[in-house]
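> please work out how this folds:
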Amino acid sequence: MDLGLKGRAVIVSGGSRGIGLEVARQLSEEGAGVLLLGRGQAALEAAAARCARAGARSGAQAHWLALDVTAPDAGERAVQDGLERFGRVDALVNGAGTSSVRSIEELTDEEWQAQWEIHVMAPMRLMRAAIRVMREAGWGRVVNVSSSSGKRPGQRNVAYSVTKAAELSLSRAYADAYAQYGILINAVTPGPVASELWLEPGGLVDQTVHARGGTREDVLQAAAAGLPIRRLADPAEIARVIVFLCSEAASDVAGAAWSVDGGAVPVII
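As a prediction, the model looks like this:
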């Protein structure tokens, strides 16, 4: 299937690792130019180089911009950089996010606010800036990476669940407002993913071991056992759905929250 992405320009936040990096790599393979956003310059440089290799056949460009997406001006800065690099911004993937193992009693006001800033305010500001450009062009795609926890709150980090639910509402509200202008906005809701957030030293697996005991293997087995598919997702599996939603092929999809979670949420929604 030709996804119609060759020559498009896509901004990907959280693009230096995990799902975001895999999205950017697959977009590059499809011939789209990508602008990767993140905080760490070294990681961004490596990620952009990987995307450039993936897009070498089509000549797709891969660039990066180091910034804190929770900064009030991050959306404007990112879109301006995309316009300077590509002369256009066709799609936006809001993939930046984070979580930690914190009981509901442990969560502080500062932690609640930090989750709100990265999962709601940051994607809102990026959408607000990007949509102005997309509306002039009469075409655009936005994909917000929420979570299965946004549909079914979990106790690993209630602040994460609540703000991911808010991100879904944000996506739907913007979808309703801008679909008439050819800008199609959707969300995806992954479950547990075998990415750095879970697996790196000090990540969610290690934090769960520290909080609840057991071994890394125990935690991973329990996470997999809680899914009908009986395994954690690979980032590439999530990315394939996101890339489709960025494409010409997703021309009748607006306001959706696609579960890409191995069956984690046991309802049809």
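
> I'd say residue 28 and residue 60 touch.
Yes - under the criterion of C-beta atoms under 8 Å, residue 28 makes contact with residue 60 at 4.9 Å. Placement of C-beta: from N, CA and C, glycine included.

> the strand or helix carrying residue 42: which residues count as buried?
For residue 42, the element it lies in under DSSP states H and E is helix 41-54. Residues 43, 44, 47, 48, 50, 51, 52, 54 are the ones in helix 41-54 that count as buried (16 or more other C-beta atoms under 10 Å).

> so what strands line up beside the longest strand anywhere in the chain?
Secondary structure of the chain read by DSSP state E shows that its longest strand is strand 183-190. Its sheet considered, strand 183-190 pairs with strand 140-145 (parallel), strand 257-260 (parallel) by DSSP bridges.

> and that strand, how far from the chain's centre?
The chain centroid and the centroid of strand 183-190 are separated by 9 Å under C-alpha atoms, centre = their mean, to the nearest Å.

> contact partners of whichever helix or strand comes after that strand?
Using DSSP H and E, the helix or strand that follows strand 183-190 towards the C-terminus is helix 196-199. With contacts defined as C-beta atoms under 8 Å, 6 or more residues apart in numbering, helix 196-199 is touched by 17, 18, 98, 99, 192, 203, 204, 205, 223, 232.

> which among those gets closest to residue 114?
Nearest to residue 114 among the contacts of helix 196-199, counting by C-beta to C-beta, is residue 98 at 8.5 Å.

> SS state for the nearest residue to that closest one once chain neighbours are set aside?
Excluding its sequence neighbours, the residue lying closest to residue 98 (C-beta to C-beta, 6 or more residues apart in numbering) is residue 118, at 6.5 Å. What DSSP: H, G, I helix; E, B strand; the rest coil gives for residue 118 is helix.

> what's the burial count for residue 118?
For residue 118, the neighbour count with other C-beta atoms under 10 Å is 23.

> need the contact list for it.
Applying C-beta under 8 Å, 6+ apart, the residues near residue 118 are 69, 70, 96, 97, 98, 163.

> so which of those is the most crowded?
Within the contacts of residue 118, residue 163 tops the neighbour count with 27 neighbours, counted by other C-beta under 10 Å.

> per-residue pLDDT, that residue?
Listed pLDDT for residue 163 reads 98.

> re the thing from before, so what does the helix holding residue 42 touch, helix or strand wise?
Helix 41-54 makes packing contacts with helix 18-29, strand 33-38, strand 62-66 when contacts are defined by 3 or more C-beta pairs under 8 Å, 6 or more residues apart in numbering; DSSP states H and E.

> mean confidence score for it?
The average pLDDT for helix 41-54 rounds to 97.

> relative to strand 62-66, how tilted is it?
170 degrees (axes from the mean of the first three to the mean of the last three C-alpha atoms, to 10 degrees).

> outside of helix 41-54, which residues touch it?
With C-beta under 8 Å, 6+ apart as the criterion, helix 41-54 contacts 15-17, 21, 24-29, 34, 36, 38, 60-66.
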